[in-house]
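In: Sequence and computational prediction follow.
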Amino acid sequence: MKNRGLWTTFLIVLLLSTGFLGINRERVQAAGQTGVVTASMLNIRTGAGTNYAMLQSSAGTQVQLANGTQVTILETLEGWYKVSFSFNGESLTGYASAQYIAINTEAGTPSPTPTATATAKAVPITTYRYETTYKEINVPAQMSQKTRIYKKAGGKQLKISKKPITLEKKKKVTLTDEKLVKNKKWFRISFTYKKKKYTGYVQSSYVKMTLKKPANATIANLKKAAKVHTKAGASAPYKKLNKVTVKILKGATVKITKEKKLPKIKWYKVTFDYNGKQRTGWVSSRYVKLAKEKTVKKIAVTALSDAEFEKAMTAQGFPDSYKQSLRVLHKAYPFWQFQAYHTGVDWQTALAAECELEPEPLNLISNSKSEAWKSKEAGAYDAKTGKWKVFDGSTWVAASKEAIAYYMDPRNFLTENTVYQFELLEYQSQYQTKDGINMILNNTPFYNKSFTYKDLATGKDKSISYTDAFVDAAKSSGVSPYHLASRVRQEVVTSPTTTSTAVTGTTSQYPGIYNFYNIGAYSSSNPVLNGLKWASTGTTYLRPWTDRYRSIVGGAQYIGSSYIQKGQNTGYLQKFNVTPNGRFSHQYMTNVEAAYSEAIKTKRAYAGFLDKVPIVFSIPVYENMPAELNPAPQ
């Protein structure tokens, strides 16, 4: 056959290209390219094969590269790569299994580590709008009559050279705060007197805010729920809609557009949201407190050059063992910002505290895990029977020290999939969208579903989607709706179509009570009932939670005030509380894998727009951390 040689050549080329001759085409072309470690921990050896010894650093440490570590491929061998890389600040060369290294065809060979003399500048990318925290009140006002100023609300007069300070009528002042003393409202004011600046207190009836038009309205909040009147005065008729008296809830935001002084009390004309529309009416000033106004601030986002990123890591105080993983993330997502959260806590001290079993273990794990993941300490394991003590539900047992160390070590999770446990959890409306919430709720009973609840203002039935409920919760609490949705998924979803009884409202002990975040569900024979008991009592955070909306929104308010605003503003810090506030206690979940699991769910919510999002990550750094990463139990 004349064409036999041609067919043979074609067949060999085909087999080579498809890998059937045992040679992967990608690996043949890999030399000189950049690769990224895909294993959770990759052993580096002195030769191409598992029969070779582990490579050791100059400090005598066996070399293992974490997931996401970047390497340069120097040579391809059968099933192995010869690679160069940085390990604990040292440049090394060794051999790694090719199946655990992904080729980064777009990256090429990485540039050498920039020096301090590099002159590359940050590249402006775009501008985002961030919701910020409240700022100090600065409401322009003037004296409505001549009066003296006091040091404190209801206290002694403010004097200069033993003479009381008296301000004249129409004197311009600035309101900076207010207090209620013996049912009388006092304003804290700043003012100029004899060419010097002073602060003091004056009764609110002696001050008139400068409110010339609605655009100059003053932001305020309701200290107590208040019925709205059509005119100023307690005897004025109540404002009604569909024969229902309009009531503004405690904590609601209003805008003061006018004020009127009556013989006993000052009244405010306010605008407010009610049933999705702007309304106006009058309320007594006793129910209203000037707010620390929520504003929107523009923040320029820049992508740092490699040189500037190196300087930023050093300035933040990141140890060398963090840096290579952060470099990989920075290269892929230049908008991301990394902050080192220096705990000031010794690593071994923190680990020992998290391993405590008394009075209850702080960290549990499923009994289905292998032996190495479960504690064999006294009180957690019965050596005679070979069984572990169950502390929660029917399967949750105490986690081993090795398992806790693995999940506590932040360096193990500086990867694209798991870094989100370090994301700051404040609400960021510019990229935390309804689509993202839907992605988190996908494959749960809440996806594309709505529910009916009693409207908080009118008491009438109202329908809302779970997605919109989480948006309302975020606005009310200042907490990321992605975090709230993923937390609900972690806590109460048992399958794509079922949930725990925490959110069904059907338990015989607490009928009609809901607890979407399992707040108060501490470890016991029936933690869900403990949580429902908590949700059924009290008057804070919209309790009792007699419907789904109250639970979702009120629970978010609890999380915001109890965790986010107390410094536990990342998933990691809520699982491992190493903040100064309630250190090693006040931890949201006992599941040692919780922060890791929720991080993966959050990552899914960002799919498709990660490269456009300026996410801020706060990553814990302990004192005296081990040079090597704490490995997963084997």
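Out: Sure, I can see it. Numbers count the residues shown, from 1 in each chain.

In: For residue 463, see how far away residue 551 is.
Out: Counting by C-beta to C-beta, to the nearest Å, the separation of residue 551 from residue 463 is 16 Å. Using the backbone N, CA and C atoms, a C-beta is placed for each residue, glycine as well.

In: quick one: which of the two has more around it?
Out: Using other C-beta atoms under 10 Å as the criterion, residue 551 and residue 463 rank with residue 551 on top: 29 against 9.

In: For that one, which residues are in contact?
Out: 503, 514-517, 535, 545 (C-beta atoms under 8 Å, 6 or more residues apart in numbering).

In: And it, how far from residue 379?
Out: In terms of C-beta to C-beta, residue 551 sits 35 Å off from residue 379.

In: cool, residue 564 as well?
Out: Counting by C-beta to C-beta, the gap from residue 564 to residue 379 is 34 Å.

In: and the two? which has more neighbours close in?
Out: residue 564 (23 against 12).

In: Can you get me a residue count around the closest residue to residue 70 other than its chain neighbours?
Out: In space, and not counting its chain neighbours, residue 70 is closest to residue 328: 5.0 Å by C-beta to C-beta, 6 or more residues apart in numbering. Burial of residue 328 is recorded as 24 neighbouring residues (other C-beta under 10 Å).

In: Residue 507 in helix, strand or coil?
Out: coil (DSSP: H, G, I helix; E, B strand; the rest coil).

In: Determine the number of other residues adjacent to it.
Out: Other residues close to residue 507 by other C-beta under 10 Å number 15.

In: That one contacts residue 513, doesn't it?
Out: Yes - counting by C-beta atoms under 8 Å, residue 513 is a contact partner of residue 507 at 7.4 Å.

In: got any residues that touch both of these two?
Out: residue 532.

In: In contact with the residue nearest the centre of the chain, which residues?
Out: Taking C-alpha atoms, centre = their mean as the criterion, residue 425 is the residue nearest the geometric centre of the chain, at 1.7 Å. Residue 425 makes contact with 479-480, 483, 564, 569-571 under the criterion C-beta under 8 Å, 6+ apart.

In: ok now do the residue nearest to residue 70, which residues does it touch?
Out: 36, 68-70.

In: Would you mind checking the residues you listed for buried ones?
Out: 36, 68-70 (16 or more other C-beta atoms under 10 Å).

In: want to try a markdown table for these, with secondary structure, distance to residue 421 and pLDDT as columns?
Out: Shown next, in a markdown table, are the buried ones among the contacts of residue 328 (DSSP: H, G, I helix; E, B strand; the rest coil; distance: C-beta to C-beta, whole Å; pLDDT from 0 to 100):
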| residue | secondary structure | distance to residue 421 | pLDDT |
| --- | --- | --- | --- |
| 36 | strand | 20 | 81 |
| 68 | coil | 15 | 70 |
| 69 | coil | 19 | 79 |
| 70 | strand | 22 | 81 |
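
In: Report the buried residues of the one helix or strand residue 324 maps to.
Out: Assigned by DSSP states H and E, residue 324 belongs to helix 320-332. Neighbour counts over helix 320-332 (16+ other C-beta under 10 Å) mark 321-332 as buried.

In: What ranges does the stretch 301-450 of the chain have for its helices?
Out: For the stretch 301-450 of the chain, the helices defined by DSSP state H, counting those that start in this stretch occupy 306-316, 320-332, 347-354, 401-408, 434-441.

In: repeat for the stretch 451-600 of the chain
Out: 466-477, 481-492, 527-536, 548-562, 571-575, 594-605.

In: Of those, which is nearest residue 159?
Out: Nearest to residue 159 among these is helix 548-562 (39.8 Å), distances taken as C-beta to C-beta.

In: Pull that closest one out as CSV, backbone CA atoms only.
Out: This file holds the C-alpha atoms of helix 548-562, laid out as CSV (Å, rounded to 0.1, in the frame of the first residue of the first chain):
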residue,chain,number,x,y,z
ARG,A,548,-40.9,35.2,57.6
TYR,A,549,-40.3,38.9,56.9
ARG,A,550,-39.8,39.8,60.5
SER,A,551,-37.3,36.9,60.9
ILE,A,552,-35.3,37.7,57.8
VAL,A,553,-35.1,41.5,58.4
GLY,A,554,-35.0,41.4,62.2
GLY,A,555,-32.4,38.6,62.2
ALA,A,556,-30.3,40.7,59.9
GLN,A,557,-30.6,43.6,62.3
TYR,A,558,-29.4,41.3,65.1
ILE,A,559,-26.4,40.1,63.1
GLY,A,560,-25.5,43.7,62.2
SER,A,561,-25.6,45.0,65.8
SER,A,562,-24.3,41.8,67.5
